[in-house]
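Asker: Generate a structure from the sequence data that follows.
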Amino acid sequence: MREKYPDMHIGDKGEWYVMRYDTDTTGGTPKECLDQNGFVFIGPDDPAPPNAPVLDPEILAGLAYKKTTLPAPPLTLSPKPGNQVVNLDTHARFSKKLSRVWVTARIQEAGLDLAATTVAEPDRLRLEAGARDADPASCTYDLGKGSDGGYAVNTKNADCNITYRRATAKGAPRTLKAYLIWRVSWAEGDSPDGTPRHGMPQGESVEEVAVTVREIQSINRD
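Answerer: Predicted structure coming up:
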């Protein structure tokens, strides 16, 4: 380090840059980086490397997308998960309303001031029974948006509701999976309401629920 930068550029105009390797973003191993200089000083007159990518809002939006954490659906079942009944529809609703989620990525360095905000909005709920004998075994519902901006669902009067046709064996519950599909977009700037909006790959979060199904026996007396 001292051999390449004996004066450490003290008092010079420019910035020091340190290479970072993010396995969550790039995957793999950092072997390809070992032959590169991981600590460099770049002055205002230094030329950019050939074919170097130009940082823009779309790149920042991609970084924000990867840092977005989507909450699992706050699912409530009726009957309750431990008390499901053979041939009885399973109704689902949210225990609380969901809000959109957004992340802003921003850079304010070396004369740059760029920002992009990625916004994820709850869109659909898909339930999978986790049992071949359920009929139907999967249902999908569009979420409703209230006047307060919150998103909710209640499948009580829906055309499709999962119905288990056989009881579970003792100690062997089924695993019902609830997938929440998110509609994702981004816009330049630090506001979640920025325009124009640009589409991004949809997001998904999941909640797994252990379900026990019992059979109610009815006795008819003459």
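
Asker: how about Gly82, secondary structure?
Answerer: What DSSP: H, G, I helix; E, B strand; the rest coil gives for Gly82 is helix.

Asker: what's the closest non-adjacent residue to it?
Answerer: With sequence-adjacent residues excluded and distances taken as Cβ to Cβ, 6 or more residues apart in numbering, Gly82 is closest to Thr212, at 5.0 Å. Quick note: C-beta positions are derived from backbone N, CA and C, even for glycine.

Asker: ok, now Lys156?
Answerer: Using Cβ to Cβ, 6+ apart, the closest residue to Lys156 is His91 (4.8 Å).

Asker: what about the one you found, distance to Tyr141?
Answerer: Remark: distance between His91 and Tyr141 (Cβ to Cβ, to the nearest Å) = 11 Å.

Asker: hey, what's in contact with both of the two?
Answerer: Thr155 (Cβ atoms under 8 Å, 6 or more residues apart in numbering).

Asker: picking that back up, distance of the residue nearest to Gly82 from Glu204?
Answerer: Here Thr212 is placed at a distance of 26 Å from Glu204 (Cβ to Cβ).

Asker: how many other residues sit next to Arg119?
Answerer: Let me fix one detail, which is that residue 119 is Val and not Arg. When neighbours are defined as other Cβ atoms under 10 Å, Val119 has 23 of them.

Asker: now it: how far from Gln108?
Answerer: Going from Val119 to Gln108 by Cβ to Cβ gives 21 Å.

Asker: If you count neighbours, what's buried in the longest helix along the chain?
Answerer: If you go by DSSP state H, the chain has its longest helix at helix 57-66. By neighbour count with 16 or more other Cβ atoms under 10 Å, helix 57-66 contains the buried residues Pro57, Leu60, Ala61, Gly62, Leu63, Ala64, Tyr65.

Asker: which of those lies closest to Pro196?
Answerer: Nearest to Pro196 among the buried residues of helix 57-66, counting by Cβ to Cβ, is Pro57 at 11.6 Å.

Asker: hang on, isn't the residue nearest to Lys156 packed against Asn161?
Answerer: Yes. His91 sits in contact with Asn161 when judged by Cβ atoms under 8 Å, with a separation of 6.1 Å.

Asker: And the pLDDT at the residue nearest to Gly82?
Answerer: Each residue has a pLDDT score; the one for Thr212 is 96.

Asker: is it true that it touches Pro173?
Answerer: Yes. Checked against Cβ under 8 Å, the pair Thr212 and Pro173 is within contact range at 4.7 Å.

Asker: Gly189: what's it in contact with?
Answerer: Applying Cβ under 8 Å, 6+ apart, we find Gly189 in contact with Ala115, Ala116, Thr117.

Asker: What distance do you get for it to Gly111?
Answerer: 18 Å.

Asker: Pull up the gap between Ser205 and Arg174, please.
Answerer: From Ser205 over to Arg174 (counting by Cβ to Cβ), the distance is 20 Å.

Asker: Those two: which is more packed in?
Answerer: Arg174 (20 against 17).

Asker: Verify the stated contact: that one with Asp133.
Answerer: No. With contact defined as Cβ under 8 Å, Arg174 does not reach Asp133; the gap is 9.5 Å.

Asker: Pull up the overlap in contacts between these two.
Answerer: Common contacts of Arg174 and Asp133, defined by Cβ under 8 Å, 6+ apart, comprise Tyr164.

Asker: In three-state terms, label the closest residue to Ala72 other than its chain neighbours for me.
Answerer: Excluding its sequence neighbours, the residue lying closest to Ala72 (Cβ to Cβ, 6+ apart) is Glu207, at 4.1 Å. At Glu207 the chain is in strand, as set by three-state DSSP.
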